[in-house]
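>>> Sequence first, then the predicted structure, then my questions.
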Amino acid sequence: MNVERVTFQRFNMRRWLMPGYYDDVYDIVRRIPRGRVSTYGRIAQMTAVPRGARGVGWALHALRSSHMPDVPWWRVINAAGRISNEYDAELQRSLLEAEGIVFDERGYVDLRKWLWEGT
């Protein structure tokens, strides 16, 4: 497999995911209540691409400022209970702490306590 083919396939997948898929992700993330978190994988399981945790990350990264206020992107963390957002990690942590989410000394959120099960 050559690099051009991989790039083309990746481009097509992102293009296919973008319009409806991203809106589905945003709708699900909007349902996460204040003071709770979910994971990229759990959000993906509620979409048409149940194994698409990376697609959830792409969708949240693609948020435009017009969506930002009503899509609580900061409530989505990784399956280990850590922030994996390298761009706004400090902001994400402060927004979660403002909602009462507690991090341990290693920077983990206890998913047994704070995880939104989703419905």
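Ah, there it is.
>>> excluding its backbone neighbours, what's nearest residue 49?
Closest residue to residue 49 apart from its sequence neighbours, by CB to CB, 6 or more residues apart in numbering: residue 55 at 5.6 Å. The way it works is simple: take the backbone N, C-alpha and C, and place the C-beta from them, glycine included.
>>> how about stretch 108-117: buried residues?
For stretch 108-117, burial by neighbour count (16 or more other CB atoms under 10 Å) applies to 109, 111, 114-116.
>>> Now find how far off-centre that stretch is within its chain.
Mean-position distance between stretch 108-117 and its chain equals 15 Å (CA atoms, centre = their mean, to the nearest Å).
>>> the bottom helix or strand of this structure by mean pLDDT?
helix 3-30 (a mean of 65; mean pLDDT, DSSP states H and E).
>>> What is the next helix or strand after that helix packed up against?
Heading C-terminal from helix 3-30, the first helix or strand you meet, by DSSP states H and E, is strand 38-39. Applying 3 or more CB pairs under 8 Å, 6 or more residues apart in numbering; DSSP states H and E, one finds that strand 38-39 makes contact with strand 76-77.
>>> so what does the strand it packs on touch, helix or strand wise?
Contacts defined by 3+ CB pairs under 8 Å, 6+ apart place strand 76-77 against strand 38-39, helix 40-45.
>>> okay, the ones you listed in JSON lines with distance to residue 97, mean pLDDT and mean neighbour count next?
Listed next are the helices and strands packed on strand 76-77 as JSON lines, based on distance: least, CB to CB, whole Å; pLDDT from 0 to 100; neighbours: other CB atoms under 10 Å:
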{"stretch": "strand 38-39", "distance to residue 97": "17", "mean pLDDT": "98", "mean neighbour count": "23"}
{"stretch": "helix 40-45", "distance to residue 97": "20", "mean pLDDT": "96", "mean neighbour count": "20"}
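>>> Could you find the closest non-adjacent residue to residue 107?
residue 82 (5.9 Å).
>>> Could you measure from that neighbour over to residue 105?
Distance from residue 82 to residue 105, counting by CB to CB, to the nearest Å: 13 Å.
>>> Kindly report the same for residue 112.
Taking CB to CB as the measure, residue 112 falls 17 Å from residue 105.
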